[in-house]
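*Asks:* fold the following and give me the result.
(4 chains)
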2 protein chains.
Amino acid sequence: MKWNDLHKEACPVARGLSVIGDRWTMLVLRDCFLGIRRFEPMQERLGITRHVLADRLRKLEAAGVLRREAYQERPLRHEYRLTDRGKALYPVLVTLIDWANTHVPPNGEASVSLLSRKTGDPIAPVLIDRNTGEEITHRTVNASVSE
Amino acid sequence: MKWNDLHKEACPVARGLSVIGDRWTMLVLRDCFLGIRRFEPMQERLGITRHVLADRLRKLEAAGVLRREAYQERPLRHEYRLTDRGKALYPVLVTLIDWANTHVPPNGEASVSLLSRKTGDPIAPVLIDRNTGEEITHRTVNASVSE
DNA sequence: ACTAGTGCGTTCTATTTTGGAACTATCTTT
DNA sequence: AAAGATAGTTCCAAAATAGAACGCACTAGT
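*Replies:* Take a look at the predicted model:
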C-alpha cells in the first residue's frame, strides 16, 4: 500500500484518506465550513505555508471537494467553495470534533463546541443506522468485501 | 498554527488532528478495529515502513488511543489494543467510510461496505442529535467558543 | 507618472518526514 | 549449531514541509 496509490485501494478508509488524509487538508476544510473562501485569510488563519495551501486547494479541487469560482475579473480572482461532495464531509468533521472535545481536552479553558442553530442548545452527535434506528458501534457492524 | 502544537489549539478539529491527522495513523487504527494487534502483520498489511509504524504506535499509545499489553514473556512481546478512547473513534471511521463509498468510488469493482452484524443488511449511517433526534448538517449547527 | 497596496500565487533553500533496506536483540525450534 | 519468529532500531536517499522572498495584475493615492 503506497501513499500515492491509496485511491486505488478497495478499502474505503484508504480511498477516503487519499483525499483528506493529508497534513492540513482537514483544517483547510474546517475553514471552508466556517465560510472562509479566499486564499489570503486562509493562509493567515492556518499559518500554513502558501506553497502547501496552494497545493491542497488544487488537490481538493481536483478531487471535486472544492470548486474554484471567479468572484471578480480585472484582475481575475477566484474563491473556493465546498461542492456537495465537500459538504458531505460534514459528518466526518462533526464526529472528529465530538471525539476531540471529549477525549482530547484543551490545555486552557477555551473550547469550541457545537450548538443547535435553532435552539442554541449543545448538540450531542450520535451515529445511527437509518434503516433500523440503532446506534452504530464497532460491536454492531461488520466490514465486508463485495464484488 | 504549527503542526507540532496543534494539541494546544482551542479548536477541537486541530486537537483531534494532532492525534489522528498524521499520515498512516487512521490506517493503523483501521487495522486495530479489524482486530490486528501485532507489529508484524500490521506492517505487512499496510506496507508502511517499520520505522514509521513504530513511531505511530508509540504516539497513539502516548495519546491514550492504544495500549500496549504483554502477550508473552521470554522473549517479552507486546500487542496493541484500542482503549476506550480509541474505540470512541469508531464514528469517525464510519463516517469516513460512508463518505468514501459514496464519493470516492473505487477504480475496480471490489469495495468494502458496512453490514449489520445482526441482520447482515447494509448500514446507512446518519448523524443525529441525541437530544432532538434531528439530523445534523452544516445548516443546523453552529460552532461556538465557550470559556 | 510614481509609489504603495491587495490578492494569489510561485520560487528558492533549509529542515523535517518518510521510504527502503539492512541490522540487532531475544528467544524457540530443528 | 543453524534457522526462524517477533519487534523493533539504524542508516542513507527521496519526498514533503517551513520560511522567506519574489512575480504578476491590477487599483488607489499623491
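*Asks:* could you say what helices and strands the one helix or strand in chain A whose mean pLDDT sits lowest packs with?
*Replies:* Sorting the helices and strands of chain A by mean pLDDT, DSSP states H and E puts strand A:141-146 at the bottom, at a mean of 80. Using 3 or more C-beta pairs under 8 Å, 6 or more residues apart in numbering or on different chains; DSSP states H and E, the elements in contact with strand A:141-146 are strand B:111-116. The way it works is simple: take the backbone N, C-alpha and C, and place the C-beta from them, glycine included.
*Asks:* now do the strand it packs on against strand A:141-146, angle only.
*Replies:* Counting by axes from the mean of the first three to the mean of the last three C-alpha atoms, to 10 degrees, strand B:111-116 lies at 140 degrees to strand A:141-146.
*Asks:* residues near residue A:99, how many?
*Replies:* Neighbour count of residue A:99, defined by other C-beta atoms under 10 Å in any protein chain shown: 22.
*Asks:* contact residues of chain A facing DNA strand C?
*Replies:* Listed as neighbours of DNA strand C in chain A under the rule C-beta under 7 Å from any atom of the strand: A:2-3, A:38-41, A:50-51, A:54, A:57, A:75, A:77-79.
*Asks:* who wins for neighbours among the residues you listed?
*Replies:* Of those, with other C-beta under 10 Å as the count, residue A:57 tops at 20 neighbours.
*Asks:* which one is that one nearest to, not counting chain neighbours?
*Replies:* residue A:80 (5.8 Å; C-beta to C-beta, 6 or more residues apart in numbering or on different chains).
*Asks:* so which of the residues of chain A next to DNA strand C are also by DNA strand D?
*Replies:* Contacts with DNA strand D within the residues of chain A next to DNA strand C, as defined by C-beta under 7 Å from any atom of the strand: A:3, A:50, A:51, A:75.
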